[in-house]
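Colleague: Show me how the following folds:
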Amino acid sequence: MGLKRSFVLSAALLVFVAGSAFALTDADYKKLMKNEDFKAADAQLNVAWKLAKSRLTPAEFEALKADQKKWIASGRDTAAAAQIKEYEMEKADAYAAVTEERAAAITRNANVSYLKRNPNRIQGYYVRDDKDEPGTLQVFWEGPGAKTVRVSLNVVLDQGGGNVREGNLDGGGTLNGSSVTVADDEEPDAKLNIKFTGDAAEVTAPPEFYENGFVGQGVTVGGTYRRVTAK
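Modeller: Presented below is the predicted three-dimensional model:
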């Protein structure tokens with residue numbers, strides 16, 4: 001399973017946040033918005049921004065706005081230029097890619113902050129302590145009486161020399177006692193089993209999860225993930 005890309009504000013909101021630091025001209029932006037991939041990425045960034053505003057602390061959100069100004073002023077253009085050079089991408093496609101990446105990063109940070117501050121029985125942000133193959137697990141649960149669990153898992157295997165492989169799953173399942181079987185939203189055949197005990201989540205994956213190529217070669221997702229809370 002490849003890496004899934006999940007802030008871009010709309011043009012008006014970007015100008016509101018960054019003022020004259022907005023690198024693209026109105027004409028550039030309008031032209032980019034004719035590209036369906038960029039348009040979709042722009043919408044994803046809007047969603048990420050709203051999520052961040054609702055889930056970050058006021059101080060964190062102010063820091064994010066300051067960082068967004070820097071990204072708009074230079075970070076986005078630098079990243080897009082690198083995409084164009086390395087992958088020979090068209091301008092619109094490169095800006096779409098870096099915008100998706102920005103949206104994904106903001107979404108992840110907002111969710112992690114929220115989960116660390118709001119542990120609730122099984123809900124929380126969990127980390128697998130493996131220096132060679134670190135993994136994270138985000139678990140959302142609506143509270144007593146709720147059966148549906150939402151999970152986002154990410155494992156990274158860095159073999160050096162730019163050879164980075166990942167395992168990802170974003171999906172949901174029905175809680176059965178202290179356990180849940182989670183199926184990926186896009187690949188229903190990709191399933192993980194998770195058992196919660198206190199601040200630990202034990203993840204196991206059936207052989208077919210690996211055999212069907214749902215993760216990069218050599219990547220493992222199983223093991224014990226420990227909950228991390230805000231200090």
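Colleague: First-to-last residue distance for stretch 178-189?
Modeller: Stretch 178-189 has an end-to-end distance of 22 Å (Cα to Cα, to the nearest Å).
Colleague: Now do the buried residues in it.
Modeller: For stretch 178-189, the neighbour count (16 or more other Cβ atoms under 10 Å) marks 180-184, 187 as buried. The way it works is simple: take the backbone N, C-alpha and C, and place the C-beta from them, glycine included.
Colleague: what does that stretch rub up against?
Modeller: Here stretch 178-189 makes contact (Cβ atoms under 8 Å, 6 or more residues apart in numbering) with 1, 4, 122, 149, 151, 169-174, 190-197, 208, 212, 214.
Colleague: what's the top helix by length along the chain packed up against?
Modeller: If you go by DSSP state H, the chain has its longest helix at helix 91-117. Where contact means 3 or more Cβ pairs under 8 Å, 6 or more residues apart in numbering; DSSP states H and E, helix 91-117 is packed against helix 26-32, helix 36-55, helix 58-70, helix 76-87, strand 124-128, strand 135-141.
Colleague: Same list, the ones you listed, but as TSV with mean neighbour count please.
Modeller: Output for the helices and strands packed on helix 91-117, formatted as TSV (neighbours: other Cβ atoms under 10 Å):
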stretch	mean neighbour count
helix 26-32	14
helix 36-55	18
helix 58-70	14
helix 76-87	15
strand 124-128	21
strand 135-141	21
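Colleague: tell me the contacts of the residue lying closest to D129 once chain neighbours are set aside?
Modeller: Distances taken as Cβ to Cβ, 6 or more residues apart in numbering place R226 nearest to D129, at 6.6 Å, with adjacent residues excluded. By Cβ under 8 Å, 6+ apart, the contact set of R226 is 126-129, 199-201.
Colleague: Find the helix or strand that R226 is a member of.
Modeller: Using DSSP states H and E, R226 falls within strand 223-228.
Colleague: Run the angle between that strand and helix 91-117 for me.
Modeller: Relative orientation of strand 223-228 and helix 91-117, computed by axes from the mean of the first three to the mean of the last three Cα atoms, to 10 degrees: 70 degrees.
Colleague: sorry, back to before: flag the least confident of the contacts of R226.
Modeller: Note: of the contacts of R226, the lowest pLDDT belongs to D129, at 83.
Colleague: count of residues packed around that one?
Modeller: Using other Cβ atoms under 10 Å, D129 is surrounded by 10 other residues.
Colleague: Now the phi/psi pair for it, please.
Modeller: When read as degrees, to the nearest 10, the backbone of D129 gives phi -80, psi 90.
Colleague: quick check: angle from the strand ranked longest in the chain to strand 135-141?
Modeller: For the chain, the strand that runs over the most residues, judged by DSSP state E, is strand 164-176. Per the same axes, to 10 degrees, the angle that strand 164-176 makes with strand 135-141 is 30 degrees.
Colleague: Give the buried residues for strand 164-176.
Modeller: Neighbour count says strand 164-176 has 165-171, 173, 175 buried, by 16+ other Cβ under 10 Å.
Colleague: and which of those is nearest V112?
Modeller: When these are compared for distance to V112 (Cβ to Cβ), D170 wins out at 14.5 Å.
Colleague: And the pLDDT at that closest one?
Modeller: On pLDDT, D170 comes in at 95.
Colleague: Tell me which residues touch the residue nearest to it when sequence neighbours are not counted, please.
Modeller: Spatially, and ignoring its direct neighbours in sequence, D170 is nearest to S152 (4.9 Å; Cβ to Cβ, 6+ apart). Neighbouring residues of S152 by Cβ under 8 Å, 6+ apart: 111, 137-138, 169-170.
Colleague: re the thing from before, what angle separates the very next helix or strand once past the longest strand of the chain from strand 135-141?
Modeller: Using DSSP H and E, the next helix or strand after strand 164-176 towards the C-terminus is strand 179-184. Calculated by the same axes, to 10 degrees, strand 179-184 forms an angle of 110 degrees with strand 135-141.
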